[in-house]
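> Predicted model follows, preceded by the sequence.
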Amino acid sequence: MPSAALPLADIQAAVAPPWPPAVLDIEASGFGRDSYPIEVGLVLPDGRAWCSLIRPEPGWDHWDEAAERIHGIPRETALRHGRPAREVARTLNDWLRGTIVYSDAWAHDYPWLALLYEVAELMPSFRLDNLRALLSEAEAARWHALKAQVEQSEQLVRHRASSDARLLQYTLQRLRPLG
């Protein structure tokens, strides 16, 4: 018995990622080799957001005051109010299971996320990808100027993880309103 072919729109809907995509951002203790994540935030395609401070693990001692001036999170705040790495990793898995989540600083965020999961002794249930992979050359050329416009118009607090993730998602929506 021959099978009925699915309409092209159904096939595209089944394989096309949601728009806007899920976006993740990480704030860290610094930018160097010994740095580690201290805050992670995400925004899902439906606009729901989650953010958490991460308690520095034993041996996570590096602290860059220049990074602190950018994100505004003192080490004492991360120590006092941060959640354990394992709890944060589990929560990320719950929120992001089976999705592709995008980061605009993939080269930094990927190692920080890997470190978080390593100390948590867990595997991510999602895939982190570079936000740049979503952009055409023309869109990439417009990205920074448009992001600055969105930041000003939305009056988002910068360099906190969930605010930065929301800024990235809003910029994607403004850049390509219908996906």
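Received it, and whenever you're ready, just let me know what you need.
> When you work out contacts or count neighbours from here on, use the C-alpha atoms and nothing else.
OK.
> give me every residue that touches Pro84.
Ile54, Arg55, Pro56, Glu57 (Cα atoms under 8 Å, 6 or more residues apart in numbering).
> err, Glu27, not the other one
Contacts for Glu27 (Cα under 8 Å, 6+ apart) come out as Pro37, Ile38, Glu39, Val40, His71, His159, Arg160, Ala161.
> what's across from the residue sitting nearest the centre point of the chain in the sheet?
Compute the mean C-alpha point of the chain, and by Cα atoms, centre = their mean the closest residue is Leu24, 1.0 Å away. Beta-bridge pairing of Leu24 under DSSP bridges involves Leu42.
> And the helices in the protein?
Using DSSP state H, the helices of the chain run over 8-15, 65-71, 75-81, 85-96, 106-120, 137-154, 161-175.
> what's the most buried one of the ones you listed?
Comparing the helices of the chain by mean neighbour count (mean count of other Cα atoms under 10 Å), helix 161-175 comes out on top with a mean of 23.
> just how off-centre is it within its chain?
On the basis of Cα atoms, centre = their mean, to the nearest Å, helix 161-175 sits 10 Å off its chain's mean C-alpha point.
> could I have that helix exported to PDB, CA atoms only?
Once non-C-alpha atoms are left out, helix 161-175 reads as follows in PDB (Å, rounded to 0.1, in the frame of the first residue of the first chain):
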ATOM      1  CA  ALA A 161      22.700  36.500  31.800                       C
ATOM      2  CA  SER A 162      18.900  36.400  31.200                       C
ATOM      3  CA  SER A 163      18.800  40.100  30.100                       C
ATOM      4  CA  ASP A 164      21.600  39.400  27.600                       C
ATOM      5  CA  ALA A 165      19.800  36.300  26.300                       C
ATOM      6  CA  ARG A 166      16.600  38.300  25.900                       C
ATOM      7  CA  LEU A 167      18.500  41.100  24.100                       C
ATOM      8  CA  LEU A 168      19.900  38.500  21.700                       C
ATOM      9  CA  GLN A 169      16.500  37.000  21.100                       C
ATOM     10  CA  TYR A 170      14.800  40.400  20.500                       C
ATOM     11  CA  THR A 171      17.600  41.400  18.100                       C
ATOM     12  CA  LEU A 172      17.000  38.200  16.100                       C
ATOM     13  CA  GLN A 173      13.300  38.900  16.000                       C
ATOM     14  CA  ARG A 174      13.900  42.500  14.800                       C
ATOM     15  CA  LEU A 175      16.400  41.300  12.300                       C
END
